[in-house]
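S.K.: heads up, no residue letters with this:
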C-alpha cells in the first residue's frame, strides 16, 4: 500500500512502475507515452538540473544455469540500477549506465556510455539489426576490470547482448584449441556448422582441395556451391577436414567481433549480415563459458523485466459513471483487464461468463466458480448486491444488473458506489495467477464500511495475486492492521510505503508493522487528521463546559 498527502510524490512512484511495465510489454525500449501512462517528453520526466533519471530494482537469480549445466551458480538477489538519458533526437530515454551489484561479486557488472567508440557502437548496432539497441562500454565484470572494447547491449532497461572485440591471434588460438577435438564427419556441432556457413563458402573450400564437385558426392548439381548442408560433411577425408578447419580459422580471425545474446530463448536478432560478424559460433561459445555467471545473470534480469511487463495489470482512479447499457467493443489490452476506467467490465463479464476462476470466498473457502458467480460472492460480502447478471443486448451493448433485496436493478438505480467498486472486483478475480495489479484510489465514492471490507478483498480473494494499492483511505489501512492483530495475516505479507515531501524533495519510506498490527512509527500526516480533529472537539467541549459553569 502506498499512502501520503496529495502532491507528496506518490504519482512518481506509480508512474515509474507503469512506465517500466508498458516499456517491457512493448519490446523493451522506453515508452514514455503508452496505454498505461503518458509522461510527455524526456524533459517533462527529468528533474530540473538533472541529466538522467535512475530506475532501480532487485532480481532473484535462479541457481539453474542455462548455458553451462555443470556450472555451479548459487542463488542470490542482485540489485540493478539503470540510468536513463534523453536520446539525441529528444523523443525518448535511452540507457547511459547499467550496474549490477550484490553480495556475490561474481554477478557484478558495470557499463557506461562514457568513452564509447562511436565506430564500435555503429558497427554493433548495425550488426544486431535493432534501432532500439544501445551499446554501453563494460568497465568491470565479475569484480574485475573488463577487457578493452567489451560492450553491453541494452534495449531500454533490458540487457540483450554482450559484445567483445578480440585480436586476430586470440581468435586463432581459441579456434585451434576447440577445433582439435572436432571431427566434422562424426560429430557436427551447431557452432561449427554455424561458423562454416557464415565464414567459409563451399566454393572456396572446393578450390582449396582442388575439386570442382561436391565434397561428399560427384554430383555437382545436388546443391549450390555456396550453400552448405549437414550432409556435406559426412564423407570428408582427414585431409579435407584439416583444410576446412584451416580455412575457418583464417576467415573467422578476420572478423574480430563476437556478439552473444544474453539468453538463448530471448530477443535473438532476426537478421544478421552474413559473414560479417559471429554470434553463435565456436568463439562465442568459448566466451559464453568464460562469462557464464554474468551472462546467466543478465539473462535472468532480461526475463524478469519481460515477466514484469507481462504480469502488470492496471486500473486508474477515475472509473466510468453508472450506465444502463455499457458499450461493447473489442479493445482488450492485457495490462488493462477491465479498461483504464473500468469501461470494459460488462464486456469482460459477458465474454468470460463461462470461465472458471480459482479464488477464495469471503468465508475463507478455496473455490473454483464461474467469473460471474465469484464476482457475486464478493459483491454480496461488500454489500452492493446479492448477485450479478449481464444481459447481452447485441450491438447496443451489455446491461449489468445487481440483485438488491431480491430485485434486479441496473447500476443507475443503486448509486455510484457499485459502479466504482465492480471494476475492481472483476479485475481482481479475472486476472491470471502471479499478476501484479496496480489500483489507484480504490476507495473513491465508497462508504467507510465498504472501504474496510475492500481491504479483505485485497487480502484474501486471490492469494496468487500481488497488489499495489495507492490510497488515502484510513479505513483500508485500519482493516489490514486489524487482520494482522487477529493473526489472519502475517506482517511480512504486506508493506505500507509512506511518501512525504520536505524542502522540495520526496522521500518514500517503509512503515514497519508489528505482529499486533501497530506501526513502528506514525509520521506526520499519516492518517492523523481524525485524531487531531477529535482532540479539538474534546477541547472545544471542555471550554464550552467551563463557560457554562
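M.R.: Looks like it arrived, so ask away. What you see is a predicted model; the values in this text were computed from it and never measured.

S.K.: can you map out the helices along the stretch 101-250 of the chain?
M.R.: Here the stretch 101-250 of the chain has its helices, by DSSP state H, counting those that start in this stretch, at 118-128, 168-179, 190-199, 202-208, 238-253.

S.K.: mean confidence for the third one?
M.R.: In this case it means helix 190-199. Computed over helix 190-199, the mean pLDDT rounds to 85.

S.K.: Ok, the shortest one next?
M.R.: For helix 202-208, the mean per-residue pLDDT is 88.

S.K.: mind showing which ranges of the protein have poor pLDDT?
M.R.: Residue ranges of the chain with pLDDT under 70: 63-75, 187-188, 211-226, 263-279, 320-332, 392-397, 411-415, 525-532, 534.

S.K.: Name the single longest strand found in it.
M.R.: Using DSSP state E, we find that the single longest strand of the chain is strand 76-86.

S.K.: Just the element for residue 476, please.
M.R.: Residue 476 belongs to helix 474-485 when assigned by DSSP states H and E.

S.K.: what's that helix packed up against?
M.R.: helix 448-460 (3 or more CB pairs under 8 Å, 6 or more residues apart in numbering; DSSP states H and E). (Glycine included, C-beta is placed from N, CA and C.)

S.K.: Which residues does the helix it packs on contact?
M.R.: With contacts defined as CB atoms under 8 Å, 6 or more residues apart in numbering, helix 448-460 is touched by 360, 362, 364, 378, 381-384, 417, 421, 424-425, 428, 442-443, 446, 467, 469, 473, 475-480, 483, 488-489, 493-494.

S.K.: residue ranges for the helices of the stretch 351-500 of the chain, please.
M.R.: Going by DSSP H, counting those that start in this stretch, the stretch 351-500 of the chain shows helices at 371-382, 416-430, 448-460, 474-485.

S.K.: quick one, which of the ones you listed is nearest to residue 93?
M.R.: Residue 93 sits nearest to helix 416-430 of all these, at 29.3 Å, using CB to CB.

S.K.: distance between that closest one and the chain's centre?
M.R.: Remark: helix 416-430 is offset 25 Å from the chain centroid, using CA atoms, centre = their mean, to the nearest Å.

S.K.: And for the residue lying closest to residue 123 once chain neighbours are set aside, the neighbour number?
M.R.: Closest residue to residue 123 apart from its sequence neighbours, by CB to CB, 6 or more residues apart in numbering: residue 257 at 7.1 Å. As a burial measure, residue 257 scores 19 neighbours (other CB atoms under 10 Å).

S.K.: pretty sure residue 257 is in contact with residue 167, am I right?
M.R.: No - in terms of CB atoms under 8 Å, residue 257 does not count as a neighbour of residue 167; the distance is 11.6 Å.

S.K.: list the residues that contact both of these two?
M.R.: Common contact partners of residue 257 and residue 167 (CB under 8 Å, 6+ apart): none.

S.K.: residue contacts, the spatially closest residue to residue 424 that is not a sequence neighbour?
M.R.: Spatially, and ignoring its direct neighbours in sequence, residue 424 is nearest to residue 442 (5.3 Å; CB to CB, 6+ apart). Taking CB under 8 Å, 6+ apart, we find residue 442 in contact with 315, 421, 424, 454, 469, 471, 473, 476.

S.K.: from these, which single one is nearest residue 32?
M.R.: Closest to residue 32, out of all of the contacts of residue 442 and judged by CB to CB, is residue 315, at 20.9 Å.

S.K.: hmm, back to that, would you turn the helices of the stretch 101-250 of the chain into CSV with distance to residue 286 and mean neighbour count?
M.R.: What follows is the helices of the stretch 101-250 of the chain, written out as CSV (distance: least, CB to CB, whole Å; neighbours: other CB atoms under 10 Å):
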stretch, distance to residue 286, mean neighbour count
helix 118-128, 19, 16
helix 168-179, 5, 16
helix 190-199, 9, 20
helix 202-208, 23, 16
helix 238-253, 12, 18
